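>>> Predicted model and sequence below, questions to follow.
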Amino acid sequence: MILLKDISILWSLFHTLLFFILLFESRYSQKKTLRLSFYAMAPLIIVNTILLLILGNSNYLKIMILTCSLPSLIFFYFLSKYRDGRFLFTFCLADTISMEIIYITNIIEFFIPGENYLFLFFSRLFAYPALEWYVYRKIRSTYLDVQNHITKGWYTLTAISAIFYVLMTLSMSVPTMITERLEYLPAMILLFILMPVIYLHIITTLNHQKKMHELTEQDNILKLQVTNLTERMTELSVADEKFRMERHNIRHKMQTIAGMIEKKE
């Protein structure tokens, strides 16, 4: 039965990667990005799974940033289309949300009598695809579009996400696992609720900023069009006045010529 727990860990690491790729914009084609990601991430996932089995859950969580998160960050940084706060926030977003699923399932499993590897297996089996389906249908398109239009403010959002990452890790495993400090569990639950709420608010706010940016661009285009139209109307007005004066002069000349012809001059 413990094999199910190991499989659920591999499943979690794989879907952390998949969740990130859903929101990540690579500088390469999708096919090349997936191929490079497989070659780099498959060995990393295997190594981290072995470390988890050797060190145990509590000790592994203390080094996971160095053995899993940091190598992944460096690899995808070189693949990223945006090498700035947009990439860093996306990376932290995927990591923290995936970690939350791992932590929540671990805590629930603690309160179920016996070794409930079936619970860990099936809860993670359905939780990650459900999350990815929601992100793909409701968030992905908006988020990728926002990255194309909004270039400022991402480092501040990255700092918020990084704080969530550190706070969750410390609260879960330092000085001991949260299941050994149940008096802190209500605070941990509030953190689990707070983080996705703030992320949804951030994405909604970014989308509003994108729309405001688009409206500003449209307003600038309309102003330019109005300016060009005004200049054109001024030019036409000046040309019309010149034409009117020239027509008056021609009429006067024709009258003079007609008079001279009548006088046979």
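All right, it came through fine.
>>> mind checking the longest helix of the protein?
helix 185-262 (DSSP state H).
>>> Which secondary structure elements does that helix sit against?
helix 85-111, helix 140-149, helix 154-173 (3 or more CB pairs under 8 Å, 6 or more residues apart in numbering; DSSP states H and E). (Glycine included, C-beta is placed from N, CA and C.)
>>> Return the set of buried residues in the second one.
Across helix 140-149, burial judged by 16 or more other CB atoms under 10 Å covers 143, 146-147.
>>> Just want the angle from the longest helix of the chain to helix 140-149.
Interaxial angle, helix 185-262 versus helix 140-149 (axes from the mean of the first three to the mean of the last three CA atoms, to 10 degrees): 60 degrees.
>>> so where's the stretch 101-250 of the chain shaky on pLDDT?
For the stretch 101-250 of the chain, residues meeting the criterion pLDDT under 70 lie at 115-116.
>>> any chance you could map the helices in the stretch 1-150 of the chain?
Per DSSP state H, counting those that start in this stretch, the stretch 1-150 of the chain carries helices over the ranges 2-23, 30-55, 57-64, 70-79, 85-111, 117-134, 140-149.
>>> Adding distance to Glu183, write those out as TSV.
As requested, the helices of the stretch 1-150 of the chain are arranged in TSV below (distance: least, CB to CB, whole Å):
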stretch	distance to Glu183
helix 2-23	27
helix 30-55	26
helix 57-64	18
helix 70-79	32
helix 85-111	14
helix 117-134	24
helix 140-149	37
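>>> what's the most buried one of the ones you listed?
Highest mean neighbour count among the helices of the stretch 1-150 of the chain (mean count of other CB atoms under 10 Å): helix 85-111, with a mean of 20.
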